[in-house]
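Trainee: Sequence first, then the predicted structure, then my questions.
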Amino acid sequence: MDPPTVPPVGTSLFWFRRDLRLDDNPGLAAALSCSQTVVGCSKAARARRRAGSRLLAAPARIPVFIWSPDEEGEFQPGTCSRWWLSRSLAALSARLASLGSRLLVRRAKDSLSGLADVLADTGATTLFFNQLYDPISLVRDFGLKQALGERGVACWSYGGDVLFEPWEVMQDDGQPFVTFEAFWDRVTNLGLEPKFPLPPLVSMPHVPTGLPSLELSELALLSPEEDATSKSLEQKWEPGAQPSHRQLEKFVQTRLSNFCHHKAQVDKDSTSELSPYIHYGEISVRYIYYRVKQEVLSGKCGQQSCNDFLRQMGYREYSRYISFHFPFTHERAYLEHLQACPWRYDKNDFKAWRLGLTGYPMVDAGMRQLWSEGWQHNRLRVVCASFLVKNLLLPWQWGLKHFWRTLLDADLECDALGWQYISGCLADAHPFGYLMELEYESRKFDASGRYIRRWIPSLARLPNKYIHCPWEAPAAILEDAGVELGVTYPHRVVKIEAVRQRVLNACNVIEQNQRNMDRGPFRPATAPVPRPEEATTMTEQSDRATEDSLEDDDGSDMDESTSSEESGVESFLGSRNVPSETAARTAASHYTAAGHWGTSSASQKRRQSGGGA
Ligand SMILES: Cc1cc2nc3c(=O)[nH]c(=O)nc-3n(C[C@H](O)[C@H](O)[C@H](O)COP(=O)(O)OP(=O)(O)OC[C@H]3O[C@@H](n4cnc5c(N)ncnc54)[C@H](O)[C@@H]3O)c2cc1C
């Protein structure tokens, strides 16, 4: 992807978000590479520059981080995620200092007011940042670009979070793909490689010392109690860009070549464990892509393992894609008829699941690890999520929220994709009636019972034959193992016969709702917007986006938001304050419209030739 050519600018800010790295950071690189000559611009910008010149002797490049959790609405990061962020910011700040720069840190009600303060303090006239694709960020960034544009601040955003932008991989008819296979097939046959990573930075411009900034400790990312109880995370994890590269190397050297055989094993270190690093952007996905490919080219890793690993990365890519084109999937089923599911809303069962007290060892071990370490292997996420949705018939949104609050790598797009798949809500998911064989999964992926023994010590003395199903163990064996069901380990919250009946009933209700309707998706994708002929000013772009939003809002189904499913979730989890789907679609169409805000030359050519991706 060719970055847009930025006209010469005076003092500029680079806004760090989920891209806490200096290497292969396109937005940062653009901020550093554009010339510092001051050119003619609006009256407001000239006034801003004059104010800044009182503070700064020369135009500067200022890295800034704004902590404004309130604007994330109900998706404020949980304790483990904030623990990671606090350590990652410390690492970033130290790295910037070692290269001659300084991270300006602010706390604010929202990003706009935080940035406005820094802009006022520095007289900066330009803001650079990398794009995010979850609906909350889409709406915020769109509003922010408009508001700052009106104040004469130019905003430039770049694609630094994905291999290809979501609007670059489209079907021939211009609509987004709705199955992973078709999406990934197109990505791998685009005839284009992702852009090669940018070279590492060796120095950064000086940031004047007089500019006010909070100490990282003053941000209070964690309360003292949270900080104290998160100490154990330090034993396993080391956040930061440099550790992320070490982790990648460790994976490439020791696990990658066997990835195709071992990736689903939960009782050993089988996967990369890179997800928290990737979530906070400490390592670039393009760098990972090329590093893994290099192993194949050098003959150190087979093609199958490489393909399998990149496919996992492809799921992450797809999560951004789905979130961008269908910006409601963190809340509602993609296949609309699934919204008719007669959920049970049983808080006691939800509690048993959260605490790892369901009586199913694999599920309980997984949930205890999640609570303790903020981490689970993908297979365990699948097993635990499936148990909540199918066995307990509890709404998947409850599970999504719990994962969001507890995971170290909590990532709204990946979380939503995972839960939509498990719940049969996607076009290529198993149908809702599909039930996972829990005992079979447990024996297959934790054959020795090592994982269960680690997380449920009270079952440790059970022989392998019964560790996956203690309810089948004869009384004498339970006694020998010191297990007293209902006392040292719970009875099953629900038996499999009851589960089958529940799921069957639910399928009947869902099917009735589906009758006489074509198969989904029933919501339109992001409307394709013609690319403007040439780059436009900030205000012109805002105007166009507003018009687009009116066209986009067909007034049909966008606002019919209250299903039985949602009202149940709301009553349990409190009111929603996430942006509306319409607002997210407007913001998304703005990206597709704004050709020079990250649209690649390749996709431009494709669009000009009238073809799909
Ligand atoms: C219900 C559910 C919820 C999930 N929630 C999250 C979440 O909040 N954050 C998160 O990062 N992942 C989530 N995942 C995806 C996946 O479980 C994790 O990314 C993976 O377990 C991380 O381990 P790893 O880094 O060792 O993965 P590896 O297998 O080494 O894969 C490498 C990278 O590919 C990406 N990836 C792998 N599998 C998936 C997948 N199924 N979906 C999307 N991306 C994937 C991740 O960035 C991962 O770091 C969820 C999956 C499910 C089923």
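Mentor: Yep, that arrived.

Trainee: Show the contacting residues for T79.
Mentor: L222, E226, T229, S230, G374, R405, T406 (CB atoms under 8 Å, 6 or more residues apart in numbering). (Glycine included, C-beta is placed from N, CA and C.)

Trainee: what's around the first one, how many residues?
Mentor: In terms of burial, L222 registers 17 neighbours under the definition other CB atoms under 10 Å.

Trainee: Same check on the third one?
Mentor: Burial measure for T229: 13 neighbouring residues, criterion other CB under 10 Å.

Trainee: For the ligand, what is the nearest residue in the stretch 351-500 of the chain?
Mentor: Per CB to the nearest ligand atom, G418 is where the stretch 351-500 of the chain lies closest to the ligand, at 2.4 Å.

Trainee: Moving C-terminal from the helix or strand that residue falls within, which element do we reach first?
Mentor: In the assignment (DSSP states H and E), G418 maps to helix 412-422. Once helix 412-422 ends, the next helix or strand along the chain (criterion: DSSP H and E) is helix 438-445.

Trainee: who's in contact with whichever helix or strand comes after that following helix?
Mentor: Going down the chain from helix 438-445, the next helix or strand is helix 450-455, by DSSP H and E. Residues outside helix 450-455 that contact it (CB under 8 Å, 6+ apart): 266-267, 356, 361-362, 364-366, 368-369, 372, 442, 446, 459-460, 467-468.

Trainee: In helices only, show me the residues you listed.
Mentor: Using DSSP state H, the subset of these located in helices is P361, M362, D364, A365, G366, R368, Q369, S372, S442, I467.

Trainee: for the first one, what are its contacts?
Mentor: For P361, the residues meeting the contact criterion (CB under 8 Å, 6+ apart) are S442, I452, I456, L459, I467, H468, C469, P470.

Trainee: And the contacts of the helix holding G418?
Mentor: With CB under 8 Å, 6+ apart, helix 412-422 has contacts from 75, 133-134, 136, 275, 279, 315-316, 318-320, 322-323, 329-330, 333-334, 381-382, 385-386, 389, 396-397, 399-400, 403-404, 407, 425-426, 429.

Trainee: Then stretch 248-259?
Mentor: Residues outside stretch 248-259 that contact it (CB under 8 Å, 6+ apart) are 262, 269-274, 283, 287-288, 291-292, 295, 300-302, 305-306, 308-309.

Trainee: rerun at 7 Å
Mentor: 269-270, 272, 274, 283, 288, 291-292, 295, 300-302, 305, 308-309 (CB atoms under 7 Å, 6 or more residues apart in numbering).

Trainee: Can you select the buried ones among those for me in ChimeraX?
Mentor: Entered in ChimeraX, the line below selects the buried ones among these, by 16 or more other CB atoms under 10 Å:
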select :270,272,274,283,288,291,292,295,301,302,305,309
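
Trainee: which among the contacts of stretch 248-259 are in contact with the ligand?
Mentor: Restricting the contacts of stretch 248-259 to those near the ligand by CB under 6 Å from any ligand atom leaves S272, L274.

Trainee: Which two among the contacts of stretch 248-259 are spaced furthest apart?
Mentor: I283 and G302 (23.2 Å; CB to CB).

Trainee: Could you list the buried residues of the helix ranked longest in the chain?
Mentor: Identified as the longest helix of the chain according to DSSP H is helix 303-325. By neighbour count, with 16+ other CB under 10 Å as the criterion, the buried positions of helix 303-325 are 305-306, 309-310, 312-325.

Trainee: relative to helix 412-422, how tilted is it?
Mentor: Put simply, helix 303-325 runs at 100 degrees to helix 412-422, going by axes from the mean of the first three to the mean of the last three CA atoms, to 10 degrees.

Trainee: helices and strands around the strand ranked longest in the chain, which ones?
Mentor: Criterion DSSP state E: the longest strand present in the chain is strand 61-67. Applying 3 or more CB pairs under 7 Å, 6 or more residues apart in numbering; DSSP states H and E, one finds that strand 61-67 contacts strand 12-16, strand 104-107, helix 111-122.

Trainee: Next to the ligand, which bits of the chain? Give me the list.
Mentor: 263, 271-275, 278-279, 312-313, 315-316, 319, 377-378, 381-382, 385, 403, 407, 409-411, 414-415, 417-419, 422.

Trainee: if we go to 5 Å?
Mentor: 271-275, 278, 312-313, 315-316, 378, 381-382, 385, 407, 409-411, 414-415, 418-419 (CB under 5 Å from any ligand atom).

Trainee: Return a PyMOL selection command for the buried portion of those residues.
Mentor: Here is the PyMOL selection string for the buried members of those, based on 16+ other CB under 10 Å:
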select buried, resi 271+272+273+274+275+278+312+313+315+316+378+381+382+385+407+409+410+411+414+415+418+419
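
Trainee: Where does the prediction get shaky in the stretch 1-150 of the chain?
Mentor: Regions of the stretch 1-150 of the chain meeting the criterion pLDDT under 70 cover residues 1-9, 35-58.

Trainee: closest point of it to the ligand, which residue?
Mentor: S81 (9.1 Å).

Trainee: Make sure that residue is actually in contact with A410.
Mentor: Yes - using CB atoms under 7 Å, S81 is in contact with A410, at 4.7 Å.

Trainee: name the element the nearest residue to A340 once chain neighbours are set aside belongs to?
Mentor: Spatial nearest neighbour of A340, excluding adjacent residues (CB to CB, 6 or more residues apart in numbering): N513 at 3.5 Å. Element membership of N513 [criterion: DSSP H and E] is helix 496-514.

Trainee: hang on, the earlier thing: give me the buried entries from the contacts of helix 450-455.
Mentor: Buried among those by 16+ other CB under 10 Å: 266-267, 356, 361-362, 364-366, 368-369, 442, 446, 459, 467-468.

Trainee: Nearest the middle, which residue of the protein would you pick?
Mentor: D411 (3.1 Å; CA atoms, centre = their mean).

Trainee: how is this structure carved up into domains?
Mentor: 12-202+525-608, 336-510 (automatic domain parsing).

Trainee: First residue to last residue on stretch 366-382, what's the distance there?
Mentor: Stretch 366-382 has an end-to-end distance of 10 Å (CA to CA, to the nearest Å).

Trainee: Low-confidence regions, the stretch 501-613 of the chain specifically.
Mentor: In the stretch 501-613 of the chain, residues with pLDDT under 70: 515-578, 592-613.

Trainee: Quick check: L211 touching L104?
Mentor: Yes - here L211 reaches L104: they are 6.0 Å apart, a contact under CB under 7 Å.

Trainee: more crowded one of these two?
Mentor: Remark: of L211 and L104, L104 carries more neighbours, 22 against 16, as counted by other CB under 10 Å.

Trainee: Tell me the bridge partners for the more buried one.
Mentor: Under DSSP bridges, the beta-bridge partners of L104 are V64.
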